[in-house]
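Colleague: Using only what follows, build the 3D model:
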Amino acid sequence: MSTKSIHEQLEFYYAQWLPTEKMEIGTVGTLEGDFWGNDYLFRPFTSLNDLGIPFSPETDIKRDDDASRLEVTSTSGVEFITKTTFEVSTGLPNIPEGKAGLGYEFSEEGAYVLKANEVYEPRIRNVAALEPKIMEAYERGKWKLNYAAVYSVMQTEYADMLISQSTSSKIELEAKGDAAIGQVELGNANVQFAVKRESGSIVNMLGSKNVTPLFKLIGIKTRWYDIDEFGLLKIQMSSNALKKSSGKPNASNLYLDILRYAPSQAPSLHVF
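Modeller: Sure, this is the predicted structure:
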C-alpha cells in the first residue's frame with residue numbers, strides 16, 4: 001500500500017507504513033513528498049506537549065460514538081471474487097464445495113484492500129483554540145512549516161488488510177466457523193479466514209486488532225494572496241515554495257488548517 005496512493009484517493013486522509021502501527025491524536029511530525037512538493041509521507045517524531053504546546057487527551061479530544069464502515073480498495077489493479085456455501089466457483093478452485101470464501105487478484109504492485117466494519121474517528125475538539133498556540137511556537141522557532149499534527153484518527157478494534165508486493169498475485173481465503181454461512185466479506189470480526197492458496201507476494205494483515213490505519217493532519221498553510229496598501233491583489237509565494245525558501249514568511253499570511261491532497265504542478269514563470 002502506497003501512502004501516496006491512499007492520500008490521492010482519500011484527499012484528506014494520510015496513511016503510514018506499516019498500517020498496523022498505532023497513531024495518536026496530538027502526534028507531531030514532518031510532512032514530506034516528491035520533487036514537486038506533493039506531500040504525502042508523514043514521519044512522526046514528537047508531540048504537541050513535547051513542543052511546549054499544551055494538549056490534554058482527556059479534555060481536548062472529541063470522542064466519536066457512532067461507528068461507520070471503512071472500505072478502501074485501490075482504484076486499479078484489484079479484482080474481487082466471492083463464493084457462497086451454495087456455489088461452486090471456478091475462480092476459487094481451492095475453496096471446497098459447501099464452504100464460503102473469497103479471493104483477491106492483484107495486477108499492480110502496491111495495490112491494496114482495507115476493510116473494517118466498525119470504525120470510529122475521534123478528533124481535536126477545538127482547532128481555533130490550538131491555532132494561536134502553534135503560531136506562537138512558529139514565532140519562537142519551535143514549529144516549522146513542514147510540521148503537521150495528527151488531528152483525527154480512524155480507529156477500529158478489527159480490520160482486514162491485504163497489500164500486493166508484486167505485479168501479479170492472488171490469494172484464496174476460506175471462511176471458518178459457523179458464522180461463515182452464505183456470502184462473506186472482509187472486515188467482519190465474527191468471520192475468520194484460512195489461506196487456501198497464495199501466489200506472488202502479498203502482505204497479509206488479516207485480523208489486525210486495535211489499529212489506526214488512516215488519519216488527518218493539521219498544519220500551517222500560507223495564503224496565496226494579500227491586499228496591498230492600495231487595495232490591490234498581491235500574489236504571495238505558494239506554501240510549497242515557502243517551505244523551500246530560506247526566508248521566513250510573515251505570520252499574518254499564515255493560518256492553521258486541515259491538510260488535503262492538492263497536487264502541485266511543475267514550477268512555471270509568472271510575469272507581473
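Colleague: as a whole number, average confidence for the helix or strand where M135 lies?
Modeller: Per DSSP states H and E: M135 is located in helix 127-139. Computed over helix 127-139, the mean pLDDT rounds to 91.
Colleague: and the next element down the chain from it?
Modeller: Trace forward from helix 127-139 with DSSP H and E and the next one is strand 147-164.
Colleague: Report the buried residues of that following strand.
Modeller: Going by neighbour count (16 or more other Cβ atoms under 10 Å), the buried part of strand 147-164 is 147-156, 158-164. No exception for glycine: its C-beta is placed from N, CA and C like everyone else's.
Colleague: Find out how far that strand is from the centre of the chain, if you would.
Modeller: With Cα atoms, centre = their mean, to the nearest Å as the basis, strand 147-164 stands 6 Å off its chain's centre.
Colleague: The nearest residue to N210 once chain neighbours are set aside: what's it in contact with?
Modeller: Nearest residue to N210, sequence neighbours excluded (Cβ to Cβ, 6 or more residues apart in numbering): E157, at 5.9 Å. Applying Cβ atoms under 8 Å, 6 or more residues apart in numbering to E157 gives the contacts 118, 189, 209-210.
Colleague: nearest to A137, of the residues you listed?
Modeller: Using Cβ to Cβ, N210 comes nearest to A137 of those, at 31.0 Å.
Colleague: is it true that that closest one touches M23?
Modeller: No: N210 is not in contact with M23 according to Cβ atoms under 8 Å; the separation is 11.6 Å.
Colleague: Neighbour count: these two, which is higher?
Modeller: M23 (22 against 11; other Cβ atoms under 10 Å).
Colleague: what's the nearest residue to the more buried one if we skip its chain neighbours?
Modeller: T212 is the one closest to M23 (Cβ to Cβ, 6+ apart), at 4.4 Å.
Colleague: Show the contacting residues for that neighbour.
Modeller: Counted by Cβ under 8 Å, 6+ apart, T212 has contacts 22-24, 153-156.
Colleague: got it, and G187?
Modeller: Counted by Cβ under 8 Å, 6+ apart, G187 has contacts 69-71, 115-117, 158-160.
Colleague: how does it look with 6 Å?
Modeller: 115-117, 160 (Cβ atoms under 6 Å, 6 or more residues apart in numbering).
Colleague: Per-residue confidence, G91, what does it come out as?
Modeller: 85.
Colleague: Can you pull the phi/psi pair for it?
Modeller: phi -80, psi -20 (degrees, to the nearest 10).
Colleague: how close does the closest residue to it other than its chain neighbours get to P19?
Modeller: Nearest non-adjacent residue to G91, counting by Cβ to Cβ, 6+ apart: I81, 4.3 Å away. Counting by Cβ to Cβ, to the nearest Å, the gap from I81 to P19 is 23 Å.
Colleague: So between those two, which is more surrounded?
Modeller: P19 (22 against 16).
Colleague: Perfect, I'm done here.
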